[in-house]
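**Student:** Mind folding the following:
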Amino acid sequence: LINLGEGVAHVVGYVGEVNEEEVGLLRDAGQKYELGSQIGRMGIESQYEDKLRGRDGGRLVEVNPNQEGVRELGHQEPEAGTDIKLTIDAGLQQVGFAAMDGKKGAVVVSNPKTGEILAMASSPAFDPGHVQANSEFFNRAIGGIYPPGSTFKMVTTVAALESGKAGRSFTYNDTGSINVGRFAYTNWFFTQYGRTEGEVGWEKALARSVDTFFYKVGELTGPETLAMWAEKFGMGTKTGIDLPGEVAGLIPTPDWKWKTKNEQWFLGNTYHMAIGQGDVLVTPLQVNLMTNVIAANGKKCAPYLNEQMSKCVNVQISPEVLDIVRRGMIGACSEGGTAFPFFDWNQQMPNGKSQYPKVACKTGTAEYVQNSGRIGSHAWFTVFAPAEDPTISVTVLVEGGGEGSRAAAPIARKILAKYFGVEDKYNYSAISGVGE
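**Tutor:** Presented below is the predicted three-dimensional model:
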């Protein structure tokens, strides 16, 4: 039996005593708590308080003026609470939390075909057995909102192809940047290394995460269509997971910008949206759900932690479009892609087989403005495996972590190695390479 402690604190929550002020509020709500009663706070303990707590026993007794019992008028036996079995895999939870190594961020692991959460960790965490006023209660997996960066390019791809705004044979010649008036919108490869990608199609665009390709695709598709598909993938709305504290995030539109900022929508806003920047804000759980839609051939299953809560709907995406996205994601984790820590996973051996299950992934490096005013970047990585028939997906966010390939992909690799029971010989101390 593994004692996960702080590793699962944000999921399970903790119990604490009810104070005097709370007793009155709870009684007004028709709930029978006494001063000093234990109540679930945060996580599953709060979400399923009624089931877990059970019911207190009691006796109704008639007393004389000396407060001595005369006769019993009523009696209620105490009822034990109901046990709840979570979908969490203790081994994956332990590895995922440990791999974060105290860095700010989150890990979400799930089964794409059902929506069951196999691991969910928020870091830093707290010890549920020794809760203090300054404990780190913030669950970044469901309550933290971040620009999704290049992980959003899967949404842009599907939106463009399914709407017919760009065809499957569409290509774009990357020269490093696109100029609009006095503004230059560059590709990361050009910004970092002064190099260009040349002629780019869909699969290479995803594998190499070519910003300029997606700027153009976003322009052809339009922000309203991008927003519509983002929402179909589960962004901009709560997923409905059975945990308190989930937030909806934000998928912007020209109408939203005018109403909230009293500003017009410009082409540059569309460019930023197409690569998951600008005002687009999502939770790590939402990126995991989006990944699952691709992995499960368009089936979107609501994430859950308690057994038998699965609800799935079909997002209408053609098999051809899903195949393009999947091949691009396989390319991202293959030699020449952006996710270099996974190149050996997708490398074929001389006998035509691989020592690891083939994976499909996407890196992301999402820029944000730090408190100092400087530009920082969050590291994203999202992956499912085996690529052709997935049973697991992993999404990792490292706040301010830099490149997704360097900061987030190694964490996902450790989780997948644990899940598939393969020996992991990767030299994590020598992370280097050209990634995004």
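**Student:** which SSE is residue 300 in?
**Tutor:** Assigned by DSSP states H and E, residue 300 falls within strand 299-301.
**Student:** distance between that strand and the chain's centre?
**Tutor:** Relative to the centre of its chain, strand 299-301 is centred 15 Å away, using Cα atoms, centre = their mean, to the nearest Å.
**Student:** can you list contacts of that strand?
**Tutor:** For strand 299-301, contacts defined as Cβ atoms under 8 Å, 6 or more residues apart in numbering pick out 112-115, 232-234, 289, 292-293, 310-315. Glycine gets a C-beta too; all of them are placed from N, C-alpha and C.
**Student:** Check which helices and strands the next helix or strand along the chain from it sits against.
**Tutor:** Note on strand 299-301: by DSSP H and E, the next helix or strand toward the C-terminus is strand 312-314. Applying 3 or more Cβ pairs under 8 Å, 6 or more residues apart in numbering; DSSP states H and E, one finds that strand 312-314 contacts strand 299-301.
**Student:** the bottom helix or strand of this structure by mean pLDDT?
**Tutor:** helix 20-28 (a mean of 54; mean pLDDT, DSSP states H and E).
**Student:** returning to what we had before: now the contacts of strand 299-301: which count as buried?
**Tutor:** Buried subset of those (neighbour count, 16 or more other Cβ atoms under 10 Å): 112, 113, 114, 115, 232, 233, 234, 289, 292, 293, 315.
**Student:** what's the farthest-apart pair in those residues?
**Tutor:** The most widely separated members of these are 114 and 232, with 19.4 Å between them, by Cβ to Cβ.
**Student:** dump the residue contacts of residue 400.
**Tutor:** 104, 370, 376, 377, 378.
**Student:** switch the cut-off to 6 Å
**Tutor:** residue 376 (Cβ atoms under 6 Å, 6 or more residues apart in numbering).
**Student:** helix or strand for it, which one?
**Tutor:** Going by DSSP H and E, residue 400 is not part of any helix or strand.
**Student:** Now it. Its backbone dihedrals?
**Tutor:** Per-residue torsions, residue 400: phi 60, psi 20 (degrees, to the nearest 10).
**Student:** where along the stretch 151-300 of the chain do the strands fall?
**Tutor:** 172-174, 177-180, 183-186, 198-200, 299-301 (DSSP state E, counting those that start in this stretch).
**Student:** Using TSV, lay out these together with mean neighbour count, mean pLDDT and distance to residue 220.
**Tutor:** Listed next are these as TSV, based on neighbours: other Cβ atoms under 10 Å; pLDDT from 0 to 100; distance: least, Cβ to Cβ, whole Å:
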stretch	mean neighbour count	mean pLDDT	distance to residue 220
strand 172-174	19	97	10
strand 177-180	15	95	13
strand 183-186	14	94	15
strand 198-200	15	97	14
strand 299-301	19	97	25
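**Student:** which ones are touching residue 246?
**Tutor:** 142, 238.
**Student:** Tell me the confidence at residue 36?
**Tutor:** We have a pLDDT of 63 for residue 36.
**Student:** What of residue 248?
**Tutor:** Residue 248 carries a pLDDT value of 98.
**Student:** Let me see the contact set for it.
**Tutor:** 237, 238.
**Student:** Any regions of the protein where pLDDT drops low?
**Tutor:** By pLDDT under 70, the weakly predicted segments of the chain are 1-3, 19-38, 53-64, 68-81, 307-310, 352, 432-434.
**Student:** What is the helix ranked longest in it packed up against?
**Tutor:** Assignment by DSSP state H gives helix 319-332 as the longest helix of the chain. Contacting helix 319-332 under the criterion 3 or more Cβ pairs under 6 Å, 6 or more residues apart in numbering; DSSP states H and E are the following elements: helix 153-163, helix 202-208, strand 360-369.
**Student:** still on that earlier bit, now render the strands of the stretch 151-300 of the chain as JSON lines, adding distance to residue 14.
**Tutor:** Converted to JSON lines, the strands of the stretch 151-300 of the chain look like this (distance: least, Cβ to Cβ, whole Å):
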{"stretch": "strand 172-174", "distance to residue 14": "51"}
{"stretch": "strand 177-180", "distance to residue 14": "51"}
{"stretch": "strand 183-186", "distance to residue 14": "47"}
{"stretch": "strand 198-200", "distance to residue 14": "50"}
{"stretch": "strand 299-301", "distance to residue 14": "29"}
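**Student:** Quick one: residues contacting the residue nearest to residue 172 when sequence neighbours are not counted.
**Tutor:** Computed as Cβ to Cβ, 6 or more residues apart in numbering, the closest residue to residue 172 that is not its neighbour in sequence is residue 213, at 4.7 Å. Contacts for residue 213 (Cβ under 6 Å, 6+ apart) come out as 172, 200, 205.
**Student:** Looking at strand pairing, list the partners for the first one.
**Tutor:** Judged by DSSP bridges, the bridge partners of residue 172 are residue 200.
**Student:** likewise the one 5 residues further on?
**Tutor:** Using DSSP bridges, the beta-bridge partners of residue 177 come out as residue 186.
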